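Engineer: Task: produce atomic coordinates for the following.
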Amino acid sequence: KLSHGPTPLFELVAEVKRPKAPFAGGQTVAFVGDSITHAGGYAFYVQLFQALRAPQSRTRVGNGGISGDQLRDLLGRWTRDIVPMKPDVIFLMEGMNDVGRGNYRAKPAAADTFAVRTNALARYLANLGSAADLATKLAKEVRLVTPSPYDSYGDYGTENLQSANDEGLAACAEAVRLVAAEKGLPFVELQRPLTDILKAHPKKLLWGKDRVHPGDAGHLLMAAHLLEQLGVSGEVATTEKDANGRDTLSFDYAPDAFPFPAVPELEAVKSVYPFDERLNRETLVVRNLPDGDYELAFDGR
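Structural biologist: Predicted coordinates for the structure are as follows:
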């Protein structure tokens, strides 16, 4: 903005150029974590998104998740399990097993239980710092991820410490933010926004009956939040055509990126999160058509 006194002469507005795909061509991306990562769901959706947005990118995705994993286990298996992937990018999400859900059953906690909680979180904080150091030595880009939530709100007909874990995982998420700030690393925030969705939509049953492991829609929600926070563009492709006053127009359509497929879990996701608006817009603009009603057909359909 240039001003002469109180009056602006003109303004220059720079539009931020958002990448179409989350990763550069030829990169190896490793997702590291516990059983939630081991299941592969959110990592698969991110890989699918990459393939649709940049079909020629030759991006490789490695799964470094192990069921039951804690950070101390990850530190022990790092050399044999993560290093051989030779990742350029690492996403690190642990905490569900570190926090000790049983420690949060009693409300309020007795003094000895409170001490156990405090010690568990201290170990988590220290081990997370060590894991972040290993990751930054191995990969060019490291992103810590706050733990996915424990669904205390869905009516699954099961208890499984239903009211036990929001507090503990929220503390783990705060530890992730602290370590990220200390190490100068970016992080992906899953804990807060996904907990808000689960709290607002308890009847959607987006997680599993154990309240720990997301269902397909939950994994897609995790991927969507991760992709959005990576700053990828919501625009898949944009095509503009000029009809020049004609009432018929035909053209070949061959975009260099493709929209996300209509997998069954997408409808459940779209009922709680604006997926198309934020990540899946495909725009066609036709100008200078005569007034009237028109039919749009693709390959005759």
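
Engineer: can you tell me which residue is nearest the centre of the protein?
Structural biologist: The residue lying closest to the centre of the chain (C-alpha atoms, centre = their mean) is L226, at 2.1 Å.

Engineer: nearest residue to that one other than its sequence neighbours?
Structural biologist: Distance criterion C-beta to C-beta, 6 or more residues apart in numbering; nearest residue to L226, sequence neighbours excluded, is V188 at 5.2 Å. Bear in mind the C-beta positions are built from the backbone N, C-alpha and C, glycine included.

Engineer: picking up where we left off before, quick one: the residue nearest to the centre of the chain and F91 touch, right?
Structural biologist: Yes: using C-beta atoms under 8 Å, L226 is in contact with F91, at 7.5 Å.

Engineer: so what sits against both of those two?
Structural biologist: Common neighbours of L226 and F91, counting by C-beta atoms under 8 Å, 6 or more residues apart in numbering, are 145, 188.

Engineer: what's the distance between the residue nearest to the centre of the chain and G65?
Structural biologist: Separation of L226 from G65 (C-beta to C-beta, to the nearest Å): 14 Å.

Engineer: before we move on, what about A43?
Structural biologist: With distances taken as C-beta to C-beta, A43 is found 8 Å from G65.

Engineer: what does D216 give?
Structural biologist: Separation of D216 from G65 (C-beta to C-beta): 17 Å.

Engineer: The two: which is more packed in?
Structural biologist: More crowded of D216 and G65, by other C-beta atoms under 10 Å: G65, with 22 against 18.

Engineer: nearest spatial neighbour of that one, skipping sequence neighbours?
Structural biologist: Nearest residue to G65, sequence neighbours excluded (C-beta to C-beta, 6+ apart): T37, at 2.9 Å.

Engineer: before we move on, what about V145?
Structural biologist: M93 (3.7 Å).

Engineer: what is in contact with A43 and G65 at once?
Structural biologist: Common neighbours of A43 and G65, counting by C-beta under 8 Å, 6+ apart, are 31, 37.

Engineer: if we can go back for a sec, from the contact counts, what lies against the helix or strand hosting the residue nearest to G65?
Structural biologist: Using DSSP states H and E, T37 sits within helix 35-38. Here helix 35-38 is seen to pack against strand 60-65 when contacts are counted using 3 or more C-beta pairs under 8 Å, 6 or more residues apart in numbering; DSSP states H and E.

Engineer: List of residues touching the strand it packs on?
Structural biologist: Applying C-beta under 8 Å, 6+ apart, the set of residues contacting strand 60-65 from outside is 27-40, 43, 46-47, 50, 81-82, 85, 87.

Engineer: The helix holding T37 - what's its average pLDDT?
Structural biologist: Averaging pLDDT along helix 35-38 gives 98.

Engineer: again with stretch 286-298
Structural biologist: On average, stretch 286-298 scores 93.

Engineer: Which residues does it contact?
Structural biologist: By C-beta under 8 Å, 6+ apart, the residues outside stretch 286-298 that reach it are 240-247, 249, 253, 284.

Engineer: Need the distance between the two termini of it.
Structural biologist: Stretch 286-298 has an end-to-end distance of 15 Å (C-alpha to C-alpha, to the nearest Å).

Engineer: Could you do stretch 186-204 as well?
Structural biologist: The first and final residues of stretch 186-204 sit 31 Å from each other (C-alpha to C-alpha).

Engineer: The helix or strand hosting L220 - contacts with which helices or strands?
Structural biologist: Here L220 is covered by helix 216-229, with elements defined by DSSP H and E. Applying 3+ C-beta pairs under 8 Å, 6+ apart, one finds that helix 216-229 contacts helix 41-53, strand 187-188, helix 191-200, helix 265-270, helix 275-279.

Engineer: at 7 Å what do you get?
Structural biologist: The contact analysis (3 or more C-beta pairs under 7 Å, 6 or more residues apart in numbering; DSSP states H and E) places helix 216-229 against helix 41-53, helix 191-200, helix 265-270, helix 275-279.

Engineer: Quick one: mean pLDDT over it.
Structural biologist: 98.
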